[in-house]
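Participant: Sharing a model that was predicted from the sequence below.
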Amino acid sequence: MNKRTVFLLVFILLTTLSSCTAQNSEVYEIPFSLDKKLLVFKGKLNGIDTDFAFDTGAAEGIATTKQEENKGIERKKSTQKIADANGQTGALTSVITKEMSIGGYTFSNVRATIGDMQYFYCMNLYLLGADIIRKLNWEIDFKRMVLKVSKSRFATDSSMAVMPVNYKYNRPRVAIKINDTSYDDVLIDIGYTGVMTLPNTD
């Protein structure tokens, strides 16, 4: 199948990712940076400050052996079957983090896998996957470089584009239209730093 590469330059001030509703309306603001085009912010693993890389394209978190050694992450005997964005699968060693904190929210016994990708290992980044991202509502303010997180949905107004989101392999997907051509299964992968490649529908 022939493919064409589409370069998208998108100016976004506020983006909301949401699949979670709750009575708790507390909102926490967390500064972030765009390190190597990755959205990076601070959270905690077992009470220890950790730099998280926000990645909706990962089904679940990925820790490095460095974090396993110094942040109290427990390795399990089992392996976890992992599917990438293209549906290809493989097996990685499973780990458990007893406590993960993002803003004022805490998650217990968070499952992840061990993977020493060179950049993440060197920068000591924990890759935060869609399994935890889906548990909160997120507002990404690129103008102020601040994340807002809450367990309640954020307000929207008529100036905002609203898109239905479906999930496949725990990853968010949407339908888009470019130059009168519709694409029904496009992955929202905030951890991807390349360009969008779409199938040629001609």
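Facilitator: Perfect, I can see it now. Numbering: from 1, shown residues only.

Participant: what's the burial count for Ile48?
Facilitator: 13 (other C-beta atoms under 10 Å). Yep, even glycine has a C-beta here, placed from its N, CA and C like the rest.

Participant: Ok, Glu60 next?
Facilitator: 20.

Participant: Make sure it is actually in contact with Arg134.
Facilitator: No - judged on C-beta atoms under 8 Å, Glu60 makes no contact with Arg134 at a distance of 10.5 Å.

Participant: Alpha carbons of stretch 118-129, in PDB - could you do that?
Facilitator: C-alpha atoms of stretch 118-129 as PDB (Å, rounded to 0.1, in the frame of the first residue of the first chain):
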ATOM      1  CA  GLN A 118      18.500   4.800  25.200                       C
ATOM      2  CA  TYR A 119      17.100   8.300  25.500                       C
ATOM      3  CA  PHE A 120      14.700   7.400  28.400                       C
ATOM      4  CA  TYR A 121      17.500   5.700  30.300                       C
ATOM      5  CA  CYS A 122      20.000   8.500  29.800                       C
ATOM      6  CA  MET A 123      17.500  11.200  30.800                       C
ATOM      7  CA  ASN A 124      16.000   9.000  33.600                       C
ATOM      8  CA  LEU A 125      12.500   9.400  32.300                       C
ATOM      9  CA  TYR A 126       9.500   7.200  33.200                       C
ATOM     10  CA  LEU A 127       7.200   6.800  30.200                       C
ATOM     11  CA  LEU A 128       3.600   7.400  31.500                       C
ATOM     12  CA  GLY A 129       1.200   5.400  29.400                       C
END
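
Participant: Pull the distance from it to the chain's centre.
Facilitator: 13 Å (C-alpha atoms, centre = their mean, to the nearest Å).

Participant: which residues sit against that stretch?
Facilitator: Under the criterion C-beta atoms under 8 Å, 6 or more residues apart in numbering, residues 35-36, 38, 40, 43, 45, 50-55, 58-67, 102, 112, 115, 117, 170, 191 lie in contact with stretch 118-129.

Participant: Show the secondary-structure elements that the longest strand anywhere in the chain is packed against.
Facilitator: Taking DSSP state E as the assignment, the strand of the chain that covers the most residues is strand 89-102. Applying 3 or more C-beta pairs under 8 Å, 6 or more residues apart in numbering; DSSP states H and E, we find strand 89-102 packed against strand 38-45, strand 61-63, strand 74-83, strand 105-114.

Participant: Report the angle between the last one and strand 89-102.
Facilitator: Orientation check (axes from the mean of the first three to the mean of the last three C-alpha atoms, to 10 degrees): strand 105-114 against strand 89-102 gives 150 degrees.
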